[in-house]
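Trainee: Sequence and predicted structure, then a few things I'm wondering about:
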Amino acid sequence: MDGESPAAAPASSEGLATSLGYDPNGVPPPGDSRPADESLLEILLGSAVRHADRPALVHSGDAITYADTFAVARSIAATLAARLPGAGSPFVAFVGSRTGTAYQHLLGVLLAGRGYVPLEPEQPPRRLVSLLEQAGVSCILAESTSLPLVAEICRGSRRAMTVVVTDVPAASLSAVDIPGPHVLVGRDMLSPHEDYVPLAVAPSDPVYMLFTSGSTGVPKAVVINDRNVRALLDATREVIRLGPDDVTAQLYKLSFDPSVFNILMTWTAGAALVIPTSDMSVLDEAQLIARHGVTMWSSVPSRSTLMLRMRQLKPGAYPTLRYVSQGGEALTSELALAWSLAAPNALVYNRYGPTEATVFVTRYSWDGSGSVAESPDGRVPIGYPLDGVTVAIVDEEFGEVPDGQVGELLLAGPQVCEGYWRDPERTMQSFVAVQGRAGAYYRTGDLVRRPTASGPLHFLGRIDHQVKVLGRRIELGEVEAVARSALQVDEAVALGWPETDGGFDGIELFVVAPSGGRMADARERLTSLLPPEAVPRHVRYVAELPMTANGKHDRTELRRILDAPVGRAGT
């Protein structure tokens, strides 16, 4: 599929079940209630046994079965078990996104009983090194095409890395410039998969670590464990009932948490995951639906807006779709209506949730005229909490506000993570007590309103300077902190601009130039330190920044400058 497979031979359903010691007759079919103590890994293994000969992955016209996918993953897991100390980091990183091999790497990490850390090739190497240091990772899974990036990461790392390359033999790695003490493992050095039995997984064991933007300039590491993921799957399985005949289009980068739901909901049901290639346009992705008979489609509203503008949401265009979800940005009623007409057989729903609460925690189903009435401002409500999710709408003192009033949304329940990885200070700031309630609640920073006790939640905006760019959370404070350091300036203000229905198209940066000068390579410096979506489109040097009467930077005035015709010229 993507390079040669390390699996020795195709695995049969019977052979896979025997080698895993798993009884496929003892596993309930998708959608049925499952034992409370069954882990995500056990659900995945049961699905692989029942659907061994069906496609798990489809990429570049090729399909790979569950049996072969799990054979590759078990070989990776066996190698990790043999080469990494049991008391070492609970996380393993891998590089890649839109390749079948990347998904096999992800599954191999899970089968090894560890949490995965996805590294996007588009991210600057210095930032990736920082993320790995923060996570304590000492092992990276990679394809040969990503070795130049991995070499840069290793050269910048302070710890010895074990680099496992799964698609070429060790002899092909001799020319790679990765100096010691790093260890390179080629395809021919992988452990055989036949004898590897996955370890038991506890509810508190990590499934993945993702990073969200941090206002101090240091990303926040969010660890989601087995209990969190299982709670999400249990809460959604009765509504989104996938089976082995379903096909999911996986459009998200693996560092964006909606990918988690697509992957795990699909694989636990024995369905097929279709992965677009990295060079596909919006038009190409839309054509995937008809080409592969896609039944579940998920994207951010800004991408759907492009589809609408390019006339890809014509009525009746996608009869195979059964589920269409939108999330990550505010969803307009215009888009929801367009999707309901384009996919007449589908449940169209809006989802909401921060990374800290495992992908999404509220859901709203579009039902035509009734939903139009519940979207008076043209924005679809974020809806109702999933089973097990507890919400509180509070004021500045963390006291609950009456229905109909605006407040900050706080979350609790089994989907909510336990805090930020090795960061007690930020954990204390974000996980707080609500007056009159027991336990800790996560502060989303989102302003919401619930019109009535039985009505849906409406998203109204933010209480801070966080923005969404193409569905990704960006803390403007992080952009500003990096800019002050990299450009050696005292004052920097970042803004989301221009505004869209669901967020912003990009970031603009204003800085006060030292002694009236300016830096020719300012954007290049920032590009090497920030994720692509956070890099300012323009760096605008000014003599001074406008201030409010309270002595704060006047962001409203800066936005007026951007909106004025003269503000459209880059600096």
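Mentor: Everything's here; your move. Numbers count the residues shown, from 1 in each chain.
Trainee: Enumerate every residue touching residue 325.
Mentor: Taking CB atoms under 8 Å, 6 or more residues apart in numbering as the definition of contact, the neighbours of residue 325 are 296-298, 348-351. No exception for glycine: its C-beta is placed from N, CA and C like everyone else's.
Trainee: Make sure it is indeed in a strand.
Mentor: Yes - the secondary structure assignment for residue 325 places it in a strand, going by DSSP: H, G, I helix; E, B strand; the rest coil.
Trainee: okay, it: pLDDT?
Mentor: Per-residue pLDDT puts residue 325 at 97.
Trainee: what do you get for residue 469?
Mentor: The model reports residue 469 with a pLDDT of 89.
Trainee: Pull the contacting residues for the nearest residue in space to it that is not next to it in sequence.
Mentor: In this structure, residue 469 finds its nearest non-sequential neighbour in residue 533, 4.7 Å apart by CB to CB, 6 or more residues apart in numbering. Residues touching residue 533, when contacts are defined by CB under 8 Å, 6+ apart, comprise 469-470, 472, 474, 506-507.
Trainee: biggest helix in this protein by residues?
Mentor: Of all the segments assigned as helix in the chain under DSSP state H, the longest by residue count is helix 66-83.
Trainee: and that one, what other elements does it pack with?
Mentor: Helix 66-83 sits against helix 13-20, helix 40-50, strand 55-59, helix 100-111, strand 139-142, strand 162-165, strand 183-185, with contacts defined as 3 or more CB pairs under 8 Å, 6 or more residues apart in numbering; DSSP states H and E.
Trainee: Following the chain onward from that helix, which element is next?
Mentor: strand 91-95 (DSSP states H and E).
Trainee: Direction included, what does that next one pair up with?
Mentor: strand 115-119 (parallel), strand 139-142 (parallel) (DSSP bridges).
Trainee: Most tightly packed of these?
Mentor: Comparing the strands paired with strand 91-95 by mean neighbour count (mean count of other CB atoms under 10 Å), strand 139-142 ranks first with a mean of 26.
Trainee: average model confidence for the helix or strand following that strand?
Mentor: With elements assigned by DSSP H and E, the helix or strand that comes after strand 139-142 is helix 147-156. Mean pLDDT, taken over the full extent of helix 147-156, equals 92.
Trainee: Check stretch 371-386 too.
Mentor: 93.
Trainee: Touching it from outside, list them.
Mentor: With contact meaning CB under 8 Å, 6+ apart, stretch 371-386 is reached by 232, 235-236, 330-334, 336-337, 349-352, 360-366, 391, 415, 448, 455-459.
Trainee: Max pairwise distance over the contacts of residue 325: which two?
Mentor: Greatest spatial distance among the contacts of residue 325 (CB to CB): 296 and 350, at 15.3 Å.
Trainee: ok, back up a step: please, a ChimeraX command that selects the buried ones among the contacts of stretch 371-386?
Mentor: Command for ChimeraX, covering only those of the contacts of stretch 371-386 found buried under the criterion 16 or more other CB atoms under 10 Å:
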select :232,235,236,330,331,332,333,336,337,349,350,351,352,360,361,362,363,364,365,366,391,415,448,456,457,458,459
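Trainee: The contacts of stretch 371-386 in strands, which ones?
Mentor: Among the contacts of stretch 371-386, DSSP state E puts 349-352, 362-365, 391, 448, 458-459 in strands.
Trainee: ok, back up a step: give the buried residues for the longest helix of the chain.
Mentor: When neighbours are counted by 16+ other CB under 10 Å, the buried residues of helix 66-83 are found to be 66-81.
Trainee: which among those gets closest to residue 158?
Mentor: Nearest to residue 158 out of the buried residues of helix 66-83 is residue 80 (CB to CB; 21.6 Å).
Trainee: so what's the spatially closest residue to the closest one that is not a sequence neighbour up against?
Mentor: Nearest residue to residue 80 in three dimensions, chain neighbours excluded: residue 112, at 4.2 Å (CB to CB, 6+ apart). Taking CB under 8 Å, 6+ apart, we find residue 112 in contact with 76-77, 80-81, 92, 198-199.
Trainee: what separates residue 112 from residue 449, distance-wise?
Mentor: Look at residue 112 and residue 449: by CB to CB, to the nearest Å, they are 45 Å apart.
Trainee: coming back round to it: out of the helices and strands packed on helix 66-83, which is closest to residue 562?
Mentor: With respect to residue 562, and counting by CB to CB, the nearest of the helices and strands packed on helix 66-83 is helix 100-111 at 37.5 Å.
Trainee: So what touches that closest one?
Mentor: Defining contact as CB under 8 Å, 6+ apart, one finds that helix 100-111 is touched by 1-3, 40-41, 44, 57, 59-60, 62, 64, 69-70, 72-77, 80, 92, 94-96, 115-116, 118, 141, 143, 166-167, 196, 198, 207, 254, 263, 267, 273, 275.
Trainee: How is residue 422 assigned, secondary-structure-wise?
Mentor: Of the three states, residue 422 takes coil under three-state DSSP.
Trainee: contacting residues around the nearest residue to it once chain neighbours are set aside?
Mentor: Nearest-residue entry for residue 422: residue 221, 7.4 Å, with adjacent residues in sequence omitted and distances by CB to CB, 6+ apart. Contact criterion CB under 8 Å, 6+ apart gives 131, 134-135, 209-211, 420-423 as the residues in contact with residue 221.
Trainee: Equivalent analysis for residue 211, please.
Mentor: Applying CB under 8 Å, 6+ apart to residue 211 gives the contacts 131, 134, 219-222, 255.
Trainee: roughly how far apart are it and residue 226?
Mentor: If you measure residue 211 against residue 226 using CB to CB, the figure is 20 Å.
Trainee: Residue 563 too?
Mentor: In terms of CB to CB, residue 563 sits 48 Å off from residue 226.
Trainee: Can you pick out the residue with more neighbours from the two?
Mentor: Taking other CB atoms under 10 Å, residue 563 and residue 226 do not tie; residue 226 has more neighbours (20 against 12).
Trainee: can you map out the strands along the stretch 351-500 of the chain?
Mentor: Shown for the stretch 351-500 of the chain, the strands assigned by DSSP state E, counting those that start in this stretch span residues 362-365, 384-385, 390-394, 406-412, 431-433, 440-449, 458-462, 466-469, 472-475, 492-496.
Trainee: can I get these in TSV with distance to residue 178?
Mentor: Rendered in TSV, the data for those read as follows (distance: least, CB to CB, whole Å):
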stretch	distance to residue 178
strand 362-365	45
strand 384-385	48
strand 390-394	48
strand 406-412	42
strand 431-433	40
strand 440-449	40
strand 458-462	42
strand 466-469	33
strand 472-475	30
strand 492-496	35
